[in-house]
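Engineer: Got a sequence here, can you model it:
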Amino acid sequence: MFVGGLSLHKWVKCHYNGRVEKVIDSSLVRASRAESPKVKKMWEIAVRELIELGILCTLESPHTRPTMLDAADDLDRLKRYLRGDTHAIFASPLGI
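Structural biologist: Numbers count the residues shown, from 1 in each chain. As a prediction, the model looks like this:
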């Protein structure tokens, strides 16, 4: 699917710019519209965090990627956030 040096990482990084609807399946965006404003906001934050973590974890240079421990910590914070700890996600050591 990707030619001329383009990769999934480069495509997402180029198209994302903080707008999740640009890089995820449109059916997921449509499904989220039926949710309450609170659930919709949590969904958008969770998807944004996952996209940004994915971008960081697929950087070209292994030395610039987060460690597996840092990535696991971020996923744990996201999990706690989705359970209702609204402060958990914003304490990320990766700054995402």
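Engineer: Tell me where the chain has helices.
Structural biologist: Along the chain, the segments classed as helices by DSSP state H run 8-16, 26-33, 37-57, 68-82.
Engineer: For those, give me CSV that also has mean pLDDT and mean neighbour count.
Structural biologist: C-betas here are computed from N, CA, C, even on glycine. Formatted as CSV, the helices of the chain follow (pLDDT from 0 to 100; neighbours: other C-beta atoms under 10 Å):
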stretch, mean pLDDT, mean neighbour count
helix 8-16, 88, 14
helix 26-33, 87, 11
helix 37-57, 91, 15
helix 68-82, 93, 15
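Engineer: Can you name the residues in contact with stretch 39-52?
Structural biologist: Under the contact criterion C-beta atoms under 8 Å, 6 or more residues apart in numbering, stretch 39-52 has outside partners 12, 16, 18, 20, 23-24, 28, 32-33, 35, 74, 78, 81-82, 89, 96.
Engineer: Just the CA atoms of it, as PDB, please.
Structural biologist: What follows is stretch 39-52, C-alpha atoms only, in PDB (Å, rounded to 0.1, in the frame of the first residue of the first chain):
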ATOM      1  CA  VAL A  39     -18.200   9.300  26.800                       C
ATOM      2  CA  LYS A  40     -17.400  11.000  23.500                       C
ATOM      3  CA  LYS A  41     -14.700  13.200  25.200                       C
ATOM      4  CA  MET A  42     -13.200  10.200  27.000                       C
ATOM      5  CA  TRP A  43     -13.200   8.200  23.700                       C
ATOM      6  CA  GLU A  44     -11.500  11.000  21.800                       C
ATOM      7  CA  ILE A  45      -8.800  11.400  24.500                       C
ATOM      8  CA  ALA A  46      -8.200   7.600  24.600                       C
ATOM      9  CA  VAL A  47      -7.900   7.400  20.800                       C
ATOM     10  CA  ARG A  48      -5.600  10.500  20.700                       C
ATOM     11  CA  GLU A  49      -3.400   9.000  23.400                       C
ATOM     12  CA  LEU A  50      -3.200   5.600  21.500                       C
ATOM     13  CA  ILE A  51      -2.300   7.300  18.200                       C
ATOM     14  CA  GLU A  52       0.300   9.500  19.800                       C
END
